[in-house]
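Colleague: Got a sequence here, can you model it:
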Amino acid sequence: MLKNEDTENEVSNYQNLSFFKKSKNVLSTFIIAASAISFYLSSSLSTQFGVTNEELLYGIIINLILSIFIYLNHRWAMIVFCLFYIGDKILLLVNGDGSPISPIIFGVIVTALSYASYRVADQLKKQSVK
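Modeller: Model prediction:
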């Protein structure tokens with residue numbers, strides 16, 4: 001999780017940071033990688049969790065669209081993605097589908113990445129308003 005000084009360092013050096021040094025880019029990359037893995041595993045996911053390929057494809061498209069807005073530093077997209085992702089993992093836990101360990105781990109990762117991205121985007125927005 002980002003500390004205040006980590007956030008301030010990222011904000012102050014934002015223009016000079018490489019791609020993976022920016023929180024929003026790490027979150028966007030995570031979304032793209034998770035979407036690619038879901039698409040690759042779509043046949044096994046549909047049989048294991050009872051999700052149709054169309055539902056899975058709609059979810060992937062929504063996540064990729066949110067990823068574009070996250071890349072553009074839209075704070076609302078960070079919140080929406082985090083809520084959708086956590087909601088999906090909670091549904092997996094409630095239904096008892098699979099091991100509870102991976103949804104918890106990935107839920108924590110997404111929450112931390114979203115929170116860090118949101119803090120940096122919020123600070124950048126505050127700087128641009130001044």
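
Colleague: Name the helix or strand of the protein that has the lowest mean pLDDT.
Modeller: Within the chain, judged by mean pLDDT, DSSP states H and E, the helix or strand with the poorest mean is helix 42-49; its value is a mean of 62.

Colleague: any idea of the mean pLDDT in the helix or strand just after that one?
Modeller: Next helix or strand after helix 42-49 toward the C-terminus (DSSP states H and E): helix 53-71. Computed over helix 53-71, the mean pLDDT rounds to 89.

Colleague: Same check on stretch 106-121?
Modeller: Mean pLDDT, computed over stretch 106-121, is 92.

Colleague: Show me what counts as buried in that stretch.
Modeller: Across stretch 106-121, burial judged by 16 or more other CB atoms under 10 Å covers 106-107, 110, 113-121. Yep, even glycine has a C-beta here, placed from its N, CA and C like the rest.

Colleague: Check stretch 31-39 too.
Modeller: Buried residues in stretch 31-39 (16+ other CB under 10 Å): 31-32, 34-35, 38.
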